[in-house]
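Q: Predicted coordinates and the sequence they were generated for:
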Amino acid sequence: MTADPALQRTAPEIKRHGPFIPFPAGRSAVKRITSVEIGKHSSTGVVQCATMKRRMRDSLFQVVPMTSSSKLSTSSNPATVSYDDFQKLDIRVGTIVEAAPFPEARKPAFKLVIDFGGDIGRRKSSAQITKNYAPEALVGRQVLAVVNFPPRQIGPMRSEVLTLGVPDAEGEVMLIAPDRAVPDGGRLY
């Protein structure tokens, strides 16, 4: 799920004020919070609300602190998962064979075509990596991607794999890649 900017608040604000309920200005109905996520590598907290009947992107919102005794945990300790859970992720190495700007995306991104070889073949991905990479420099570069997530519609494009990266000091994405060239399609273990 893509985070809607109207529902974002920085982690320090959430820590200071507690969870909040966004609702369209002028409406008296308050929406029930179903989950709150704090980005592990960013300062953005995302609130997901239930009973939303329409997209909230174009609405004006007021942010109201909750008067609940339960405070949001901002611990950076990830939840423990079993090795079997990890094995469910199919993370493979592939080579970028095409890279182009993706102006239709909400946030600056590139359209990538990644060749995983063998049975997987070529797959498309939308990647928000425009701050650290130029499209022409990406072609021929190996990357890691999750290949068994369901496809997501990103604007007019169907993204078939999740290209993996980590944040740099400014919070911009740096792609994950092997140190040396390896055969395409190799599985991370």
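A: Sure thing, it's come through.
Q: ok, so what distance separates residue 103 from residue 131?
A: Applying CB to CB, to the nearest Å, the value for residue 103 to residue 131 is 16 Å. The way it works is simple: take the backbone N, C-alpha and C, and place the C-beta from them, glycine included.
Q: which of those two has more neighbours?
A: A count of neighbours by other CB atoms under 10 Å puts residue 131 above the other of residue 103 and residue 131, at 12 against 9.
Q: Quick check: that one is in a helix.
A: No: the assignment for residue 131, made by DSSP: H, G, I helix; E, B strand; the rest coil, is coil rather than a helix.
Q: residues contacting the closest residue to it other than its chain neighbours?
A: Distances taken as CB to CB, 6 or more residues apart in numbering put residue 172 closest to residue 131, at 4.1 Å, once the chain neighbours are dropped. By CB atoms under 8 Å, 6 or more residues apart in numbering, the residues touching residue 172 are 129, 131-132.
Q: next one: residue 131
A: Applying CB under 8 Å, 6+ apart, the residues near residue 131 are 108, 170, 172-173.
Q: Output the lowest mean pLDDT helix or strand found in the chain.
A: When the helices and strands of the chain are compared on mean pLDDT, DSSP states H and E, strand 61-65 comes out lowest with a mean of 39.
Q: Contacts for the lengthiest strand in the chain, please.
A: Longest strand in the chain, counting residues (DSSP state E): strand 91-101. For strand 91-101, the external contacting residues (CB under 8 Å, 6+ apart) are 110-117, 120, 122-123, 130, 135-136, 138-147, 161, 164, 177-178, 182-188.
Q: could you dump that strand to PDB, C-alpha only?
A: Only the C-alpha atoms of strand 91-101 are listed here, as PDB (Å, rounded to 0.1, in the frame of the first residue of the first chain):
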ATOM      1  CA  ILE A  91      14.800 -13.000  -3.500                       C
ATOM      2  CA  ARG A  92      16.800 -13.300  -6.800                       C
ATOM      3  CA  VAL A  93      19.600 -11.500  -8.500                       C
ATOM      4  CA  GLY A  94      18.900 -10.100 -12.000                       C
ATOM      5  CA  THR A  95      20.500  -7.700 -14.500                       C
ATOM      6  CA  ILE A  96      18.800  -4.400 -15.400                       C
ATOM      7  CA  VAL A  97      18.300  -4.500 -19.200                       C
ATOM      8  CA  GLU A  98      16.100  -1.400 -19.600                       C
ATOM      9  CA  ALA A  99      15.700   1.800 -17.500                       C
ATOM     10  CA  ALA A 100      13.600   4.800 -18.300                       C
ATOM     11  CA  PRO A 101      12.000   7.700 -16.400                       C
END
